[in-house]
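**Student:** Using only what follows, build the 3D model:
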Amino acid sequence: MRSARQAINEANPNLLASAIQSVRLGDGLGLIPRRVRGAVASNVLVLPEDAKAEVVLRAFVTAGTVSGHFSPSFDPDGVPATTTAGVNPAGNICFLSTDAVTEAEVVYVAVDEAGQPISLN
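**Tutor:** A predicted model of the protein is given here:
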């Protein structure tokens, strides 16, 4: 018997739809980290409403008092320390005010309004 992985890799049109459905490909694709680069205002990089952050994987500050790589902050209240990037309760990326970040590039895992990983279905 052919596994779902084999069916997807073979890309047989007769088997592909059911194989994709059985492995919940939409949920899997939603877990792919997202990259955003943008302006930071009042220490917050605002993300789109349909792709708020669950966790920061990598942050690079391109403009501010301190620039360069910032470490992810895992504080549940979203309060980052110096040279770290965290997620505030609204799901946006936040930085410490004394770092005076004005532009950043961040890689993060997105969630939907219910706090579930983004899916494509």
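
**Student:** in the biggest helix by length in the chain, what counts as buried?
**Tutor:** For the chain, the helix reaching the highest residue count under DSSP state H is reported as helix 13-22. In terms of neighbour count (16 or more other Cβ atoms under 10 Å), helix 13-22 has its buried residues at residue 19. For every residue, glycine as well, the C-beta is placed using N, CA and C.

**Student:** Run the chain-centre distance for that helix.
**Tutor:** Per Cα atoms, centre = their mean, to the nearest Å, the displacement of helix 13-22 from the mean C-alpha position of its chain is 28 Å.

**Student:** and for that helix, what are the contacting residues?
**Tutor:** The set of residues that contact helix 13-22 without belonging to it, under Cβ atoms under 8 Å, 6 or more residues apart in numbering, is 2, 4, 7, 8.

**Student:** Not counting its neighbours along the chain, what's nearest the third one?
**Tutor:** So that's residue 7. Setting aside the residues directly before and after it, residue 7 is nearest to residue 19 in space (Cβ to Cβ, 6 or more residues apart in numbering), at 3.7 Å.

**Student:** swap in the last one?
**Tutor:** Among residues not flanking residue 8 along the chain, residue 19 sits closest, at 4.9 Å (Cβ to Cβ, 6+ apart).
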